[in-house]
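1. prediction below, plus the sequence it came from.
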Amino acid sequence: MKTMLDDRAKTLLKALVERYIADGQPVGSRTLSRASGLDLSPATIRNVMADLEDLGLIASPHTSAGRIPTARGYRLFVDTMLTARPLDMASPDPEVTAVLQPDQPQRVIAQAASLLSSLSSFVGVVTAPRKAGVFHHIEFMRLGDKRVLVILVAPDGDVQNRVIFTARDFSPTELLEATNYLNAHYAGLTIEEVRERLKHEVEALRGEIATLMQAAVQAGTEAMAASSDNVVVSGERNLLGVQDFGHDMGSLRRLFDLFEQKTELMRLLDVSSRAEGVRIFIGGESQVVPYEALSVVTAPYEVDGRVVGTLGVIGPTRMAYDRMIQIVDITSRLVGHALSQK
């Protein structure tokens, strides 16, 4: 989002957002004058605030003469005005490190979700580590009626079966040929590596082999997603105490349904896992948490240099973003460290 603001307007918007995050009350021109440190008349400040309101960066609640930031205003604040303090990973809080002890991965994930919730006072979410999804052996079996059974065998012997529907019937001979070809050329690669290679090789492959391979990759992706416990959520009840949601029980009910279903939440965290570092979704930008009053701060975590999951905090748009960034970033590193201790 590109919004041209002069330095004075930026300073006032930054002061307004910081003041509103701190005390949750609409900010008036007199308060803003003190908070910004600018030597401006109340009339000048009111004019700038009117301009910021016209740009959709702040809004005026009916019950107050003051202004509050909009999701658009928070977005501009986070993108251009936020100064996150550097992380001190050399000496993290001993209470934090004590919580995440190398143990069973599922216990580490549950502990991390609880830690995110307690540190943020909002909702902590963590996806369980994804398996690498390596093909050790793949087999296609004809079921008839344009249906094929895909059998995926991982190096550890784990077997996943998926039924795929094809545009035409394949003969047992064609399926055997595809099985032999794929095992000869793709065995030992992860699903992501196969997907990348297919982008470049699909033109060179015989039509039926390309079709079956793409279907197998999709089936493998779904199988790996289904084979984990997906996402752990902690601290949902914290949102009941957030004043921003006090009068909107309908949104809260839908949000609790989201936590219960978890499938859509998984989609958001999956998108975040493909980005580097911390991502911030404000006021419904994620589509998955489509509520103006909510923000999501996420970061991927790595084990042995490979991204295997994502974690984050879900809370009101009125949150201390610099602190949330630190909480999420540090926790993602600690989770990766704990899971690497095998």
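-> Happy to help now that I have it.

2. could you pull out the strands for the stretch 101-250 of the chain?
-> Using DSSP state E, counting those that start in this stretch, the strands of the stretch 101-250 of the chain run over residues 123-127, 137-144, 147-153, 159-165, 231-234.

3. by mean pLDDT, show me the worst of these.
-> Comparing mean pLDDT over the strands of the stretch 101-250 of the chain, the weakest stretch is strand 159-165, at a mean of 81.

4. strands paired with it, and their directions?
-> Strand pairing for strand 159-165, determined by DSSP bridges: strand 147-153 (antiparallel).

5. quick one, the partner strand and strand 137-144 angle?
-> Strand 147-153 and strand 137-144 are oriented at 160 degrees to each other (axes from the mean of the first three to the mean of the last three C-alpha atoms, to 10 degrees).

6. got a list of contacts for strand 147-153?
-> Outside strand 147-153, the residues that touch it by C-beta atoms under 8 Å, 6 or more residues apart in numbering are 135-143, 159-166, 170, 175, 212, 215-216, 219-220, 223. (Each C-beta comes from the backbone N, C-alpha and C, glycine too.)

7. by mean pLDDT, flag the weakest helix or strand of this protein.
-> Ranking every helix and strand in the chain by mean pLDDT, DSSP states H and E puts helix 94-99 at the bottom, with a mean of 56.

8. so where is the stretch 1-150 of the chain shaky, pLDDT-wise?
-> Residues of the stretch 1-150 of the chain meeting the criterion pLDDT under 70: 1-3, 63-64, 84-103, 131-135.

9. swap in 50 and give it another go.
-> 1, 89-90 (pLDDT under 50).

10. kindly report the domain assignment for the chain.
-> Structural domains assigned to the chain are 7-80, 94-130+229-340, 137-226, following automatic domain parsing.

11. distance of Ala50 from Val233?
-> From Ala50 over to Val233 the distance is 41 Å, taken as C-beta to C-beta, to the nearest Å.

12. correction: the previous question concerned Pro61.
-> 31 Å.

13. of the two, who's got more company?
-> Val233 (18 against 11; other C-beta atoms under 10 Å).

14. so that one makes contact with Leu258?
-> No: using C-beta atoms under 8 Å, Val233 is not in contact with Leu258; the gap is 9.3 Å.

15. mutual contacts of those two, please.
-> Leu265.

16. is it possible to get CSV of the strands of the stretch 101-250 of the chain that adds distance to Ala299?
-> Output for these, formatted as CSV (distance: least, C-beta to C-beta, whole Å):
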stretch, distance to Ala299
strand 123-127, 11
strand 137-144, 33
strand 147-153, 30
strand 159-165, 29
strand 231-234, 15
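
17. tell me which of the ones you listed sits nearest to Val194.
-> Nearest of the strands of the stretch 101-250 of the chain to Val194, taken as C-beta to C-beta: strand 137-144 at 9.7 Å.

18. and the closest one, what does it pack onto?
-> strand 147-153, helix 172-186, helix 207-226 (3 or more C-beta pairs under 8 Å, 6 or more residues apart in numbering; DSSP states H and E).

19. if you set the cut-off to 10 Å instead, what comes out?
-> strand 147-153, strand 159-165, helix 172-186, helix 207-226 (3 or more C-beta pairs under 10 Å, 6 or more residues apart in numbering; DSSP states H and E).

20. tell me the secondary structure at Leu38.
-> Here Leu38 is coil, with the state taken from DSSP: H, G, I helix; E, B strand; the rest coil.
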